[in-house]
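Undergrad: curious how this folds, go ahead:
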Amino acid sequence: MFITYLEFCGITLSVETDWDAYHDFLNLYLKNFVSSPTSNPGLRIRSLFPRSLANPQYPRPFSHENMRRAGPDAFFDEGRICCRRGNCNIFVQFSEDGSILLHCEDHMRLRRLRSVRAAIGDAIGAVLAKSRLKVHAAFQTHMRLTVHYPLFWLMETRRGLHLLHGAGVRMNGGGIILSGLATVGKTTLAAFLYFNHPGTDVLTDNFLLYDRERIYAFPEASRLNREGIEVASAQSLMDEAFVLGRRYHWVPRKPCPFDAVPKKAFLVCSGRDLRVERISSELFAETALGLNDVVQEFHNYSYIGLFPFAARRSFDTYVSRAQSLKSCVRDADCAVLTIPNVSSLADIRQGILEAVQPPAS
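TA: As a prediction, this is how the structure comes out:
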């Protein structure tokens with residue numbers, strides 16, 4: 001088994017896998033979080049890949065007599081979960097030592113490439129060179145299933161840190177939240193600030209963790225295509241990025257400290273001109289959480305949302321998220337930020353800095 005230890009906000013995660021290519025990918029993509037081994041991790045995750053359809057590595061099949069339906073295409077029995085999404089079957093089992101065993105079968109990929117293991121094996125060259133999009137998707141899918149979702153569940157249930165779909169940067173010592181739907185330019189704007197304003201740290205470009213007072217870094221590798229790099233006026237990004245599929249992936253330098261008090265919060269959208277319209281912190285929080293529901297790409301919309309049910313733990317997560325976010329941005333300047341469709345943000349650099357730059361703290 002190959003083991004990667006990852007440290008997030010005071011929690012050490014032990015991720016075990018039986019495939020070295022996936023292990024190498026985790027170390028590259030999450031290298032800002034790789035930490036020293038520990039004998040007592042906060043959560044142990046074991047991720048197994050089937051060698052073939054005829055020889056799955058899942059410990060034992062589900063008992064259909066004892067299985068109970070927990071939702072659409074979701075079942076559980078004796079602390080185990082089976083979630084079917086499209087062509088993918090995800091099996092989750094809770095062990096007595098508190099660890100989580102995950103086993104994912106993508107039947108479409110199994111038919112085409114013999115097994116998920118074979119797909120991951122084929123992708124070993126993708127870490128340093130261009131790769132096929134389907135192979136890249138295998139890496140991304142398994143990282144989200146085996147690391148991200150259990151981690152966010154752990155953060156929410158044990159640390160009171162909630163998840164928001166958005167980017168986060170730190171300028172002048174203050175945090176900036178960039179929320180909005182996909183493709184509106186959150187990552188592009190974060191990259192622009194990082195490469196064009198000295199002293200800017202990228203906290204995250206997709207997964208923004210927050211509590212009642214602060215936002216926290218989740219600087220996994222960020223993703224931009226060539227057009228996005230040109231718009232962000234971040235050509236130097238290509239010198240430090242690795243290429244997967246059609247996107248350039250880059251790991252921002254590790255910020256220190258790893259969190260910030262939000263001074264400004266923006267709902268980012270596209271428009272004709274650069275505009276800033278002030279809104280209340282309550283409206284920002286309610287709208288940002290609504291966008292979370294529209295995006296539906298996080299843990300509460302996947303098999304991980306069944307964990308509290310299977311573990312016999314119930315809690316009102318949405319109320320907790322809303323109360324925490326409203327408290328977090330209570331003293332922040334909140335606004336709707338309209339970004340025009342321009343060939344380069346450098347053309348409106350001064351306007352962007354005047355709009356987003358928080359006062360020095």
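Undergrad: now the nearest residue to residue 295 once chain neighbours are set aside: which helix or strand?
TA: Distance criterion Cβ to Cβ, 6 or more residues apart in numbering; nearest residue to residue 295, sequence neighbours excluded, is residue 165 at 4.8 Å. Glycine gets a C-beta too; all of them are placed from N, C-alpha and C. If you go by DSSP states H and E, residue 165 is part of strand 162-171.
Undergrad: so who does the closest residue in space to residue 288 that isn't next to it in sequence touch?
TA: Take residue 288 and drop its neighbours on the chain: the residue closest to it by Cβ to Cβ, 6+ apart is residue 179, 4.2 Å away. In this structure, residue 179 makes contact with 164-166, 186, 208, 265-268, 284, 287-288, 291, judged by Cβ atoms under 8 Å, 6 or more residues apart in numbering.
Undergrad: would you list the phi and psi of residue 179?
TA: phi -110, psi 160 (degrees, to the nearest 10).
Undergrad: what's the answer for the one 3 residues further on, then?
TA: The phi and psi torsions at residue 182 (degrees, to the nearest 10) take the values phi -60, psi 150.
Undergrad: re the thing from before, so which of the contacts of residue 179 wins on neighbours?
TA: residue 266 (28 neighbours; other Cβ atoms under 10 Å).
Undergrad: distance of the residue nearest to that one when sequence neighbours are not counted from residue 75?
TA: Nearest non-adjacent residue to residue 266, counting by Cβ to Cβ, 6+ apart: residue 337, 4.0 Å away. Using Cβ to Cβ, to the nearest Å, residue 337 is found at 44 Å from residue 75.
Undergrad: likewise residue 92?
TA: With Cβ to Cβ as the criterion, residue 92 and residue 75 are 11 Å apart.
Undergrad: next one: residue 254
TA: 41 Å.
Undergrad: the two: which has the busier surroundings?
TA: The residue with more neighbours, out of residue 254 and residue 75 and counting by other Cβ under 10 Å, is residue 75; that gives 18 against 12.
Undergrad: show me what the host helix or strand of the more buried one pairs with in its sheet, parallel or antiparallel.
TA: Using DSSP H and E, residue 75 sits within strand 74-77. Paired strands of strand 74-77, with direction, are strand 68-71 (antiparallel), strand 80-85 (antiparallel) (DSSP bridges).
Undergrad: mean confidence for it?
TA: Mean pLDDT, strand 74-77: 71.
Undergrad: for the helix or strand that contains residue 27, buried residues please.
TA: Here residue 27, judged by DSSP H and E, is contained in helix 20-29. For helix 20-29, a neighbour-count test (16 or more other Cβ atoms under 10 Å) marks 21, 22, 23, 25, 26, 27, 28, 29 as buried.
Undergrad: again, but for stretch 251-262
TA: 251, 252, 255, 258, 259, 260, 261, 262.
Undergrad: swap in stretch 341-351?
TA: So stretch 341-351, judged by 16+ other Cβ under 10 Å, has buried residues 345, 346, 348.
Undergrad: same question, stretch 192-205
TA: So for stretch 192-205, counting by 16+ other Cβ under 10 Å, buried means 192, 193, 194, 195, 196, 197, 200, 201, 202, 203, 204, 205.
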